[in-house]
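J.: Below are the sequence and a predicted model; questions follow.
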Amino acid sequence: MTATDAHVIFLNGAPSAGKSSTARALHERLEQPHFYIGLDEFRCGYLDRVWLADHGNLFQRMVDVYLQTLAVLVRSGHDVIAEAMLTPANEARYLELFADLPVVFVGITCDFDVMVAREAVRGDRRRGPIDLDLPEVHTLHDHGCYDGTVDTTSITPDQAAERILPVLADPPRPSAFERLRNRRN
């Protein structure tokens with residue numbers, strides 16, 4: 001595989017919407033090898049005492065290096081599955097980092113009350129449940145531009161992955177990222 005053949009599949013959604021579970025299920029189903037590491041796993045390189053002392057700056061830097069790493073992987077010929085939280089504030093950065101790369105952009109949605117319930121029972125957060133009633137969380141899908149969407153409110157991660165496979169087999173042209181870039185120009 002050459003770098004021009006590689007792509008990234010971004011699953012964009014709020015915390016506890018089902019991105020990680022769907023990514024793992026999709027990872028299992030894809031015949032072609034894909035690299036997958038979620039942001040939560042990526043940031044585990046920091047000790048808890050460092051991570052817990054952070055008030056946002058380290059997190060923002062980690063998100064940026066996570067995205068840069070994913071772009072390098074794709075440019076090196078690796079297909080990638082990744083989680084995204086593309087907000088209006090960081091849209092330009094996503095578009096810049098992946099400007100010359102094939103991106104399949106999938107919206108992962110879920111009823112707010114279900115996300116809150118899922119977040120409340122998660123045991124993998126280093127600081128406890130995330131407050132989901134934040135402006136950034138409510139703007140994740142405002143751009144309205146996806147190659148496909150999946151609502152995980154009442155389906156399993158396996159079912160969500162099955163709904164994404166047809167989008168991967170025949171992605172729309174122009175892609176959602178191309179349409180987002182064209183809007184900005």
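T.: Here it is on my side, so go on. Everything quoted here is computed from the prediction, not taken from an experiment.
J.: alpha carbons only for contacts and neighbour counts from here, please
T.: Noted.
J.: Beyond the helix or strand of the chain with the lowest mean pLDDT, next helix or strand please.
T.: Ranking every helix and strand in the chain by mean pLDDT, DSSP states H and E puts helix 135-138 at the bottom, with a mean of 76. Past helix 135-138, heading to the C-terminal end, the next element that is a helix or strand (DSSP states H and E) is strand 148-151.
J.: what packs against that next one?
T.: For strand 148-151, the packing partners by 3 or more Cα pairs under 8 Å, 6 or more residues apart in numbering; DSSP states H and E come out as strand 103-109, helix 157-169.
J.: any chance of these in JSON lines, with mean neighbour count and mean pLDDT too?
T.: Shown next, in JSON lines, are those (neighbours: other Cα atoms under 10 Å; pLDDT from 0 to 100):
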{"stretch": "strand 103-109", "mean neighbour count": "24", "mean pLDDT": "97"}
{"stretch": "helix 157-169", "mean neighbour count": "16", "mean pLDDT": "97"}
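J.: Looking at those, which is nearest to residue 33?
T.: Judged by Cα to Cα, the one of those that comes nearest to residue 33 is helix 157-169, at 13.7 Å.
J.: will you turn the helices and strands packed on strand 148-151 into JSON lines that also has distance to residue 91?
T.: Shown next, in JSON lines, are the helices and strands packed on strand 148-151 (distance: least, Cα to Cα, whole Å):
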{"stretch": "strand 103-109", "distance to residue 91": "13"}
{"stretch": "helix 157-169", "distance to residue 91": "22"}
